[in-house]
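Novice: I need the structure of the sequence given here:
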Amino acid sequence: MQVALSKRCIAEFFGTFWLIFGGCGAAVLAAAYPSLGIGFVGVSLAFGLTVLTMAYAIGHISGCHLNPAVTLGLVAGKRFPAKEALPYWIAQVLGGIAAAWVLYVIAAGKPGFVAGGFASNGYGLNSPGGYGLAACLLAEVVLTFFFLVVIMGSTDQRAAKGFAPLAIGLCLTLIHLIGIPVTNLSVNPARSTGPALVAAATGSSWAVEQLWLFWLAPLVGGALAGFFYNTVLGERIAPPVAEEPVTFAAKS
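Specialist: Numbers count the residues shown, from 1 in each chain. Below you'll find the predicted structure:
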């Protein structure tokens, strides 16, 4: 029995909240903590663990997309109905915004706290490593593409059962290890939107000005991966041969 769309959207809201609160929270609160900071590796693990834990918590309810690029990729791969993509997107973005503001309220409780970029994604001067627009665009497309390939492959009916959350969580950890120095890594428009809005509201307008790339690139990468997996790697099963010809009249 399929879960009602409203309940699935609520699950997506809270799942995305956990992703942004956990991943960006690790970046804002713990990455550079004096002498005990968790650094890039710790932040990468935090993002992977949020997806891993939510996949087991809500995967059976909403599919645990937590990401507009994932939803679009599954639509392109014919794994998810296009008519339900927009409600998922809305829930995911609202969850990301809510998480970013809750995180800001917590972070601002420390005397002298300055939000700055607030774990936002950026290119050029706002890239952690100073990478240019073209490099950041390509990195986000490629990393999102492979993230979706892992998602679709690990959830394929032919794949080993029960291990998909592990594969997906570890993949997200890996792509963060690769991409944090380049763009602070997005691969998720909802993840980028929440922190960018907080940064803009607290004085760093560049995050919103550059947000377009972190919608465009993940959506392109996700859509390409969904189409690729469905057309190239997906299983093609021939329809069963009916004993008698089936006509439209017989179906009515």
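
Novice: Tell me if I'm right that Phe147 and Leu172 touch.
Specialist: Yes - here Phe147 reaches Leu172: they are 6.7 Å apart, a contact under CB atoms under 8 Å. C-beta: built from backbone N, CA, C; applies to glycine.

Novice: quick one: which of the two has more around it?
Specialist: Leu172 (30 against 26; other CB atoms under 10 Å).

Novice: Distance of that one relative to Pro189?
Specialist: Distance, Leu172 to Pro189, by CB to CB, to the nearest Å: 15 Å.

Novice: likewise Ala160?
Specialist: 30 Å.

Novice: For the stretch 101-250 of the chain, give me the ranges with low pLDDT.
Specialist: For the stretch 101-250 of the chain, applying pLDDT under 70 flags the ranges 236-250.

Novice: what's in contact with the host helix or strand of Val41?
Specialist: Secondary structure from DSSP states H and E places Val41 in helix 39-62. The contact list for helix 39-62, computed with CB atoms under 8 Å, 6 or more residues apart in numbering, reads 3, 7-9, 11-12, 14-15, 18-19, 21-23, 25-27, 30-32, 38, 64, 66, 88, 164-166, 168-174, 176-177, 180-181, 185.

Novice: show me where the stretch 51-200 of the chain has helices.
Specialist: Taking DSSP state H, counting those that start in this stretch to define them, one finds helices in the stretch 51-200 of the chain at 68-76, 85-107, 133-154, 164-183, 189-201.

Novice: Check which helices and strands the third one sits against.
Specialist: In terms of contacts (3 or more CB pairs under 8 Å, 6 or more residues apart in numbering; DSSP states H and E), helix 133-154 is packed against helix 68-76, helix 164-183, helix 213-228.

Novice: For the second one, name the packing helices and strands.
Specialist: With contacts defined as 3+ CB pairs under 8 Å, 6+ apart, the packing partners of helix 164-183 are helix 39-62, helix 133-154.

Novice: Report the buried residues of the shortest one.
Specialist: Within helix 133-154, the residues that qualify as buried are 135-137, 139-154, counting by 16 or more other CB atoms under 10 Å.

Novice: do the same with the longest one
Specialist: Residues of helix 39-62 classed as buried under the neighbour-count rule (16+ other CB under 10 Å) are 40, 43-55, 58-59, 62.

Novice: what distance separates that helix from the centre of its chain?
Specialist: 10 Å (CA atoms, centre = their mean, to the nearest Å).

Novice: Could you check the angle it makes with helix 189-201?
Specialist: 120 degrees (axes from the mean of the first three to the mean of the last three CA atoms, to 10 degrees).
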